[in-house]
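Asks: What would the 3D arrangement of this be:
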Amino acid sequence: MTDHITTERLTLRRPEMADAAAIASLVGDVDVSRWLTRVPHPYGLSDAYGFISAVQNGNGNTFVICVGTQLVGCVGIERELGYWLGKNHWGRGYASEACRAMVARHFARSAEDLISGHFTDNGASRHVLDKLGFVQTSQEQARCPATGDCHVLQRMVLTQSAWGAGE
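Replies: This is a model prediction of the structure:
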């Protein structure tokens, strides 16, 4: 199984316990965690260690996103495509680049449709999914663990044929 994925500007690699402080610092920022459906706030070192342990004991489809040696976020496909970037790294195209690599990896191994979603008030995340070819499917209410607020979650899907047509 591939331990690294290299793109034009990024390296995606397996998370290591040594990444815990960086992960906790980045996703522990409520401006980041408020857009996520699984991350509590506050998010501390013990949360990061638990996350890394779960990834290391799972199916190995979650990677940290690095620019050079600096960890800037995380991307994975466990049940669905999920991703986040530290706030200081927004607006540079890193999420699109990392997600594109993960989607390519997924469809190289499987013909199964890929699902994802975004809170409807998160236009940046919607833009990433739109660029990859995801299309809207349904909406549901979802609670954000970081804030406790409920938001409309726009569910989306990407088929292998749509991905192939866009590549």
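Asks: C-alpha coordinates for the top helix by length along the chain, CSV please?
Replies: Selection of the longest helix in the chain by residue count, based on DSSP state H, yields helix 94-109. Only the C-alpha atoms of helix 94-109 are listed here, as CSV (Å, rounded to 0.1, in the frame of the first residue of the first chain):
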residue,chain,number,x,y,z
TYR,A,94,-4.0,22.8,-1.6
ALA,A,95,-7.4,21.2,-0.8
SER,A,96,-8.2,20.8,-4.4
GLU,A,97,-4.8,19.3,-5.2
ALA,A,98,-4.8,16.9,-2.3
CYS,A,99,-8.4,15.8,-3.0
ARG,A,100,-7.7,15.3,-6.7
ALA,A,101,-4.9,12.9,-5.7
MET,A,102,-7.1,11.0,-3.3
VAL,A,103,-9.9,10.7,-5.8
ALA,A,104,-7.5,9.5,-8.5
ARG,A,105,-6.2,6.9,-6.0
HIS,A,106,-9.8,5.8,-5.1
PHE,A,107,-10.8,5.3,-8.7
ALA,A,108,-7.6,3.5,-9.6
ARG,A,109,-8.6,0.9,-7.0
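Asks: The next helix or strand after that helix to helix 94-109, inter-axis angle?
Replies: Per DSSP states H and E, the first helix or strand lying C-terminal to helix 94-109 is strand 114-119. Between strand 114-119 and helix 94-109, the angle comes out at 160 degrees (axes from the mean of the first three to the mean of the last three CA atoms, to 10 degrees).
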